[in-house]
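*Asks:* Provided below for reference: sequence and predicted model.
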Amino acid sequence: MAEFTGERIIPGQVDADLLNEHLARYAFAARLARNKRVLDAGCGAGYGSAELAKGALAVTGADVAAEAVAYARENYRLPNLHFEQASAAALPHPDASFDLVVAFEVIEHLENWATFLTEVRRVLVPTGQFIVSTPNRLYYAETRERTGPNPFHVHEFDYAEFRSELTTVFPHISLFLENHVEGVVFQPVERGEPAEVRVDAGEAAPAGSHFFVAVCAHRPQTGTPTFVYVPRAANVLRERERHIDLLEGELRTKDEWLEKAKRELEELNVRYQELLGQFRAQKEELERSNRWALALTQEIEAARVHIEEMEAAGRALAEGYEGKIAELERENRAKTEWAQETERRLGAEIAAAIAELSKCVELLHQTEATVEERTAWALRLEAEAGELTRRLNLYRASRWVRLGRRLSLGPGATEG
């Protein structure tokens, strides 16, 4: 269900006086909508589009809010009435689609209201009319002085600006002032003759008017009669009495709130006195704390001076250490250079010794080979000598040799 926000009127959710203010505009426009194709731009909940559809050939209600369009489609169903979601600054219709466009309390909500005016001119036929209303900025400034500007309004117009801006798009403008006025109605109980309305002459005062209503066209218009809308709930005194009762009820409620607020204020005063006592005690404690903090600050200052002295001594000691470290580093570099030079020298000597040792090893290998060869030759000679000795011994032991000796024959025969 759509919700009344203070801007979009929902029948049944607002008082009759506010609803009649909006219905009056559609009653004003209905006289120009007979047998015409009508666009209700910014149709809201759709009740005004339904009013126009009673005499129009066809009515299209357009609104940018999806929930408003859904509410209108659900609650106002007529064969010549159609609702669509569309932006006023980009109407989804070809040129010259409508004979009449109405836009009540819409233009002040638009950032690009100038584009909206050119869009309306585009979709109107050359003989078409545009009826547009807006609240008077000067009147609103007075009535909303305490509550502040309307948060839903982007740009409000005074009479001169409204007329000037409309004239830049539509060359022919008929402007009307919409106001709630005091009236007395004599209505027959039985159906009587057509209503007669008397409006006493008076000077129109745009600066103090509540709303401006303009009928715009491309071509000259004829006739600007005064239009009076008398709603069914037209007993103003009765409505005021009800309103007074409502205000009195609100006043009683506010009185109850006031009494409650007084009691709460007394309780708060008691609590305030308690808190005041606590505050004074805390103040005394704070003063003691401040004195302690002052003494502590002085101690900290003395400690800071001592620290600065220690830091100065530390810096002097550090400088001495840095000098000693620099000296040790120089000695270390000298020793490192000596060690590196010694390492290079010993490396060269060791390399030469290794080369000499390699030569000795090679000669040793050669000598070992010669020894092994000569040892093998000596072993062979020894073996040959043994073999000769063995043979000689065999020869000496031979009986023939012994016999020859006895006979003094053969080698060694003369030996005794």
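*Replies:* Structure's in. What do you need? Residues are numbered from 1 along each chain as shown.
*Asks:* from now on I want contacts and neighbour counts done on CA atoms only, so please keep to that.
*Replies:* Noted.
*Asks:* helices along the stretch 201-350 of the chain, start to end?
*Replies:* 236-397 (DSSP state H, counting those that start in this stretch).
*Asks:* low-confidence regions, it specifically.
*Replies:* 201-204, 229, 232-244, 246-247, 250 (pLDDT under 70).
*Asks:* repeat that with 90
*Replies:* By pLDDT under 90, the low-scoring segments of the stretch 201-350 of the chain are 201-211, 221-350.
*Asks:* residue 83 should be in a strand, yeah?
*Replies:* Yes: counting by DSSP: H, G, I helix; E, B strand; the rest coil, residue 83 is located in a strand.
*Asks:* okay, now it: neighbour count?
*Replies:* Number of residues near residue 83 (other C-alpha atoms under 10 Å) recorded here: 23.
*Asks:* partner residues bridging it?
*Replies:* When assigned by DSSP bridges, residue 83 has beta-bridge partners residue 61.
*Asks:* is it true that it touches residue 73?
*Replies:* Yes: if you go by C-alpha atoms under 8 Å, residue 83 and residue 73 touch, sitting 6.4 Å apart.
*Asks:* kindly list the longest strand within the chain.
*Replies:* strand 124-135 (DSSP state E).
*Asks:* quick one: that strand to chain centroid distance?
*Replies:* Between the centre of strand 124-135 and the centre of its chain there are 42 Å (C-alpha atoms, centre = their mean, to the nearest Å).
*Asks:* over to stretch 169-187?
*Replies:* That offset, for stretch 169-187, works out to 48 Å (C-alpha atoms, centre = their mean).
*Asks:* distance of residue 248 from residue 254?
*Replies:* Using C-alpha to C-alpha, to the nearest Å, residue 248 is found at 9 Å from residue 254.
*Asks:* hey, what's in contact with both of the two?
*Replies:* Contact criterion C-alpha atoms under 8 Å, 6 or more residues apart in numbering; residues shared by residue 248 and residue 254: none found.
*Asks:* CA atoms only for the longest strand of the chain, dumped as PDB, please.
*Replies:* Extracted in PDB, the C-alpha atoms of strand 124-135 (Å, rounded to 0.1, in the frame of the first residue of the first chain):
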ATOM      1  CA  LEU A 124       1.300  18.700 -27.400                       C
ATOM      2  CA  VAL A 125      -0.600  19.200 -30.600                       C
ATOM      3  CA  PRO A 126      -0.300  22.800 -32.000                       C
ATOM      4  CA  THR A 127      -3.700  23.700 -30.600                       C
ATOM      5  CA  GLY A 128      -3.100  21.900 -27.300                       C
ATOM      6  CA  GLN A 129      -3.000  23.400 -23.800                       C
ATOM      7  CA  PHE A 130      -0.800  22.800 -20.700                       C
ATOM      8  CA  ILE A 131      -2.100  23.400 -17.200                       C
ATOM      9  CA  VAL A 132       0.600  23.600 -14.500                       C
ATOM     10  CA  SER A 133       0.400  24.600 -10.800                       C
ATOM     11  CA  THR A 134       3.000  25.300  -8.200                       C
ATOM     12  CA  PRO A 135       3.100  26.800  -4.700                       C
END
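*Asks:* which elements pack onto it?
*Replies:* The contact analysis (3 or more C-alpha pairs under 8 Å, 6 or more residues apart in numbering; DSSP states H and E) places strand 124-135 against strand 98-104, strand 211-217.
*Asks:* neighbouring strands for the first one, and are they parallel or not?
*Replies:* Using DSSP bridges, the strands paired with strand 98-104 in its sheet are strand 37-41 (parallel), strand 124-135 (parallel).
*Asks:* circling back to that earlier point, how about the helices and strands packed on strand 124-135 in CSV, adding mean neighbour count and distance to residue 399?
*Replies:* CSV is the format used below for the helices and strands packed on strand 124-135 (neighbours: other C-alpha atoms under 10 Å; distance: least, C-alpha to C-alpha, whole Å):
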stretch, mean neighbour count, distance to residue 399
strand 98-104, 24, 170
strand 211-217, 23, 177
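*Asks:* tally of neighbours for residue 170?
*Replies:* By the criterion of other C-alpha under 10 Å, residue 170 has 19 neighbours.
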